[in-house]
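Engineer: model this:
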Amino acid sequence: MPPHSHFTRILLAIGALLLGMASYQCGAAVAKHLFPAVGAEGATAYRLGLAALILLAWRRPWRNTGAPRDMRALWGYGLAIGAMNLLFYLSLRTIPLGIAVALEFTGPLALALSGSRRWIDFVWVALVVVGLMMLLPLREQAQALDPLGVALALAAGVGWVFYIVLGRKAGMSWAADAVTLGTAIGALLVVPIGFAHAGTALLSPALLPFALGVAVLSSALPYTLEMIALTRLPSRTFGTLLSLEPALAAAAGAAFLGERLDLLQWLAIAAIVIAAAGTALSLRRAEAAAPPA
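Structural biologist: Coordinates of the predicted model:
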């Protein structure tokens, strides 16, 4: 492939990933606007319920039959999707979007750093701890954070860990159908909760355009764009760019929700972003330096 063509493909892939991340955070901002009408539970039901219908109609996974596959991993993955999304949206009721994403991000960061013994990784751990200390409501702040909202965002981060671990197993067994079926299982968990909270308000025609916007912006579009990026970008570049997500979430919160963060909170988000980027880079270098098995 000519160098110019390769460079163009890389640029397009980076653009697709950045657009996908921005789409995801815009979807979360739209979902937060639905909270007064249907609550966080209803918004989660909209997102996963409609996303599942879209994915099922597109992928039609029932056509793929074959050898028995790992049902436990698939159900665990799907329940992790439902719990992670519900906990995250519940946290958005009382804390800003950017801070919620930064707190949630500590889950996969902890997973990536677990078991590490290299000195540079302790630097990234220290940065995460510093960021958390600046965000957690351990003392009086100019903009004190709600303890329950913080706890829910951290719990969503734990759900993200299960999503990664079980998603890897489900993907090995179910391939491309894992996302579709996992989303459908997550919808089975959250849609009844959404109806129990919001009732027939979920069926309001006036809310349907916003509900479709949440499903497309938060699921269908970003998943498609991220898959384009995954197939064209080195994993180090992909992981480093993904670390920008908390900052993009804070920008989306400021632009669409009027959420304003103080300097300390911006510094905390920056510390977590740097730790995530550093972890992605150092893990890639470690893999490259490791002897072949």
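Engineer: show me the contacts for Ala196.
Structural biologist: For Ala196, the contacting residues are Glu41, by C-beta atoms under 8 Å, 6 or more residues apart in numbering. Every C-beta, even on glycine, is put in place using the N, C-alpha and C of the backbone.
Engineer: so which bits of the helix or strand it falls within are buried?
Structural biologist: Ala196 is located in helix 177-198, with elements delineated by DSSP states H and E. Of all the residues in helix 177-198, those buried under the rule 16 or more other C-beta atoms under 10 Å are 177-191, 193-195, 197-198.
Engineer: report the separation between Trp174 and Gly199.
Structural biologist: Going from Trp174 to Gly199 by C-beta to C-beta, to the nearest Å gives 34 Å.
Engineer: neighbour count winner among these two?
Structural biologist: Trp174 (21 against 11; other C-beta atoms under 10 Å).
Engineer: so the more buried one sits against Arg72, correct?
Structural biologist: No - checked against C-beta atoms under 8 Å, the pair Trp174 and Arg72 is beyond contact range at 11.9 Å.
Engineer: and Leu152, which helix or strand is it part of?
Structural biologist: If you go by DSSP H and E, Leu152 is part of helix 147-174.
Engineer: could I get the buried residue list for that helix?
Structural biologist: Neighbour counts over helix 147-174 (16+ other C-beta under 10 Å) mark 149-163, 166-167, 169-171, 173-174 as buried.
Engineer: got the angle for that helix vs helix 177-198?
Structural biologist: 150 degrees (axes from the mean of the first three to the mean of the last three C-alpha atoms, to 10 degrees).
Engineer: quick one: list the elements packing against helix 147-174.
Structural biologist: On a contact count with 3 or more C-beta pairs under 8 Å, 6 or more residues apart in numbering; DSSP states H and E, helix 147-174 meets helix 71-91, helix 97-113, helix 177-198.
Engineer: could you point out the helix or strand that follows the last one?
Structural biologist: Toward the C-terminal end, the helix or strand that comes next after helix 177-198 (DSSP H and E) is helix 208-215.
Engineer: dump the residue contacts of Leu92.
Structural biologist: Contacts here follow C-beta under 8 Å, 6+ apart; on that basis Leu92 touches 28, 31-32, 35, 40, 100, 149.
Engineer: now with 6 Å, please.
Structural biologist: 32, 100 (C-beta atoms under 6 Å, 6 or more residues apart in numbering).
Engineer: for His197, same thing?
Structural biologist: So His197 contacts 39, 41-42 (C-beta under 6 Å, 6+ apart).
Engineer: now do the nearest residue to Ile81 once chain neighbours are set aside against Thr8, distance only.
Structural biologist: Excluding the flanking residues, the one nearest Ile81 by C-beta to C-beta, 6 or more residues apart in numbering is Gly186, at 3.6 Å. Per C-beta to C-beta, Gly186 is found 36 Å from Thr8.
Engineer: same check on Lys32?
Structural biologist: Taking C-beta to C-beta as the measure, Lys32 falls 37 Å from Thr8.
Engineer: do Trp62 as well
Structural biologist: 38 Å.
Engineer: how about Leu56?
Structural biologist: 35 Å.
Engineer: okay, those two: which has more neighbours?
Structural biologist: Under the criterion of other C-beta under 10 Å, the comparison of Leu56 against Thr8 puts Leu56 first, with 16 against 12.
Engineer: for the helix or strand that one falls within, name the packing helices and strands.
Structural biologist: Per DSSP H and E, Leu56 falls inside helix 3-59. When contacts are defined as 3 or more C-beta pairs under 6 Å, 6 or more residues apart in numbering; DSSP states H and E, helix 3-59 sits against helix 71-91, helix 177-198, helix 208-215, helix 221-230, helix 245-257.
Engineer: for the longest one, give the mean pLDDT please.
Structural biologist: If I follow you right, that is helix 177-198. Averaging pLDDT along helix 177-198 gives 93.
Engineer: let's see it as PDB, backbone CA atoms only.
Structural biologist: The C-alpha trace of helix 177-198 is given here as PDB (Å, rounded to 0.1, in the frame of the first residue of the first chain):
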ATOM      1  CA  ASP A 177     -23.300 -11.900  17.400                       C
ATOM      2  CA  ALA A 178     -22.000 -11.300  21.000                       C
ATOM      3  CA  VAL A 179     -22.800  -7.600  20.900                       C
ATOM      4  CA  THR A 180     -26.300  -8.000  19.400                       C
ATOM      5  CA  LEU A 181     -27.300 -10.800  21.800                       C
ATOM      6  CA  GLY A 182     -25.600  -9.200  24.800                       C
ATOM      7  CA  THR A 183     -27.400  -5.900  24.200                       C
ATOM      8  CA  ALA A 184     -30.700  -7.800  24.000                       C
ATOM      9  CA  ILE A 185     -30.000  -9.600  27.300                       C
ATOM     10  CA  GLY A 186     -29.100  -6.200  28.900                       C
ATOM     11  CA  ALA A 187     -32.400  -4.900  27.600                       C
ATOM     12  CA  LEU A 188     -34.200  -7.800  29.300                       C
ATOM     13  CA  LEU A 189     -32.700  -6.500  32.500                       C
ATOM     14  CA  VAL A 190     -33.300  -2.800  32.200                       C
ATOM     15  CA  VAL A 191     -36.600  -2.500  30.200                       C
ATOM     16  CA  PRO A 192     -38.800  -3.900  33.000                       C
ATOM     17  CA  ILE A 193     -37.000  -1.600  35.500                       C
ATOM     18  CA  GLY A 194     -37.700   1.400  33.200                       C
ATOM     19  CA  PHE A 195     -41.400   0.500  32.900                       C
ATOM     20  CA  ALA A 196     -41.600   0.000  36.700                       C
ATOM     21  CA  HIS A 197     -40.300   3.500  37.200                       C
ATOM     22  CA  ALA A 198     -41.800   5.500  34.300                       C
END
